[in-house]
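Undergrad: what would the 3D arrangement of this be:
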Amino acid sequence: MANKAQIAAASWGVKTSFHSLVALLLAGVVFGVVYLTRDAEQPPLDEDRVALLQNSAKTASPSPAPSTLEKECDLFSGRWVFDNVSYPLYKEKECKYMSDQLACEKFGREDLRYQQWRWQPHGCDLPRFNATALLERLRNKRLVYVGDSLNRGQWVSMVCLVESAIPPNLKSMSSEHNNSLLIFKASEYNATIEYYWAPLLVESNSDDPFNHRVPNRIVRVQAIEKHARHWSDVDILVFDSYLWWRRSQMKVLWGSFGSRDAIYKDVMIPRAYEMALNTWSDWLEVHVNRSKTQVFFVSMSPTHERAEEWDGDVGQNCYAETEPITKEGYWGIGSDLAMMRVVESVVDGLKARGLGVQILNVTQLSEYRKEAHPSIHRRQWEPLTEEQKKKPISYADCSHWCLPGVPDVWNELLYAHIFQNRTQRLEDRVEGL
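TA: Numbers count the residues shown, from 1 in each chain. Just a heads-up that it's a prediction; the model follows:
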């Protein structure tokens, strides 16, 4: 497992901070200057030695400015720290728009430690989430999440993070297009935080937000306009798509549903995934206003369906788990590196064509949180069978996340990138004095 994690880290551009190295180099230069100049009787330095010293001094710059820290600090590399003082950032019962699919406390979960873990990056701190500051940034703007139910969970998280800062008469929730588009509006700011259901990003026979559990999933990998017209002229776009691609192959349709000339073909994953993302990227390249719109892609959200992967009992899953995984670099078998490389390749291609997409690499940090899923503590959309009731592990949800919880951290990372802000860790600032 560790080797896979190392590969994942390398694949996604995890960078090691060289702040300490720079500080040591600076200390060496200062020491050399003091040593060479402390004795007035010493002969003057020759020109070559002076030039060498000057060049070294240029290399060893003073304590890095925030812009330098921004380049050095990898917010996605770190550890979870228990913090029941600062977290949770909101109360489940107090969020008016909480989803029953994610309301674990409401549906019987008594251990609430999953709400009280803070993500601590190596080398810096995440900026504290400020709902008012974000709403001000969103004034007269649209923030839209597009994707599957995991992205909907992140949208619910964001709504819960900001809604307490808005008076009751100045916030509202509405839906459009048969509930495919959900819109939270902060009237005072003329700002909306929206979610659009498109689990495969491109068109498919699973596009109905209610009736999408079909026996044979079909995707039109070259068709996206039906969805994308709802994202046009958006200021901040947050995409995800992975959970619905977790199968060996997908039936791909060339043509229209119901057309006699349509061509169907089973295509292996991740090739079908790549085809869909290429259509998505082509749309972005043509339609996104580069001077206005920020685009983000959330990496795959891990599942915890096999306890033996974290040295638990064979045949168990996330059911009844209460603590995170502490093994650094833990990587579950459900997180597909080939799929991650597809996203990276498509995003790199967009960058080469002049459009930047920021990947929110939440996979590794979420891998540790085996205890943070709803498990059995959620609304069940269909009545449980007697067999299920006798064996709760059989219907435990180990894919989605309880709220408050892990998706709040995803939004803290989004918040940091929206403001392009990094905060140097307190201990580093003290050491620099």
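Undergrad: run a quick neighbour tally on Asn151.
TA: 26 (other Cβ atoms under 10 Å). (C-beta placed from N, C-alpha, C; glycine too.)
Undergrad: oops, could you answer that again for Ser180 instead?
TA: 18.
Undergrad: identify the residue spatially nearest to it, adjacent ones excluded.
TA: Trp197 (4.7 Å; Cβ to Cβ, 6 or more residues apart in numbering).
Undergrad: quick one: pLDDT of the one you found?
TA: We have a pLDDT of 98 for Trp197.
Undergrad: check contacts around it.
TA: Listed by Cβ atoms under 8 Å, 6 or more residues apart in numbering, the contact partners of Trp197 are Asp148, Arg152, Asn179, Ser180, Leu181, Asp207, Pro209.
Undergrad: where neighbours are concerned, which of those has the most?
TA: Arg152 (24 neighbours).
Undergrad: isn't there a helix covering that residue?
TA: Yes - looking at Arg152 with DSSP: H, G, I helix; E, B strand; the rest coil, it is inside a helix.
Undergrad: and the residue nearest to Ser180, how close does it get to Asn179?
TA: Computed as Cβ to Cβ, to the nearest Å, the Trp197 to Asn179 distance reads 8 Å.
Undergrad: need the overlap of contacts for those two.
TA: Contact criterion Cβ under 8 Å, 6+ apart; residues bridging Trp197 and Asn179 by contacting each: Pro209.
Undergrad: quick one, phi/psi of the residue nearest to Ser180?
TA: phi -80, psi 110 (degrees, to the nearest 10).
Undergrad: those helices in the protein, which residues are they?
TA: 2-11, 19-37, 47-59, 66-72, 131-137, 149-163, 225-228, 271-287, 337-352, 363-367, 386-390, 406-418, 426-431 (DSSP state H).
Undergrad: in terms of mean pLDDT, which of the ones you listed ranks lowest?
TA: In terms of mean pLDDT, the lowest-scoring of the helices of the chain is helix 47-59 (a mean of 33).
Undergrad: beta partners of the residue nearest to Val267 when sequence neighbours are not counted?
TA: Spatial nearest neighbour of Val267, excluding adjacent residues (Cβ to Cβ, 6+ apart): Val252 at 4.6 Å. Judged by DSSP bridges, the bridge partners of Val252 are Val219, Lys265.
Undergrad: what segments of the stretch 201-350 of the chain are strands?
TA: Taking DSSP state E, counting those that start in this stretch, the strands of the stretch 201-350 of the chain run over residues 203-204, 218-220, 236-239, 249-254, 263-268, 294-298.
Undergrad: make a markdown table from those strands and add mean neighbour count to it.
TA: A markdown table is the format used below for the strands of the stretch 201-350 of the chain (neighbours: other Cβ atoms under 10 Å):
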| stretch | mean neighbour count |
| --- | --- |
| strand 203-204 | 25 |
| strand 218-220 | 22 |
| strand 236-239 | 22 |
| strand 249-254 | 18 |
| strand 263-268 | 11 |
| strand 294-298 | 21 |
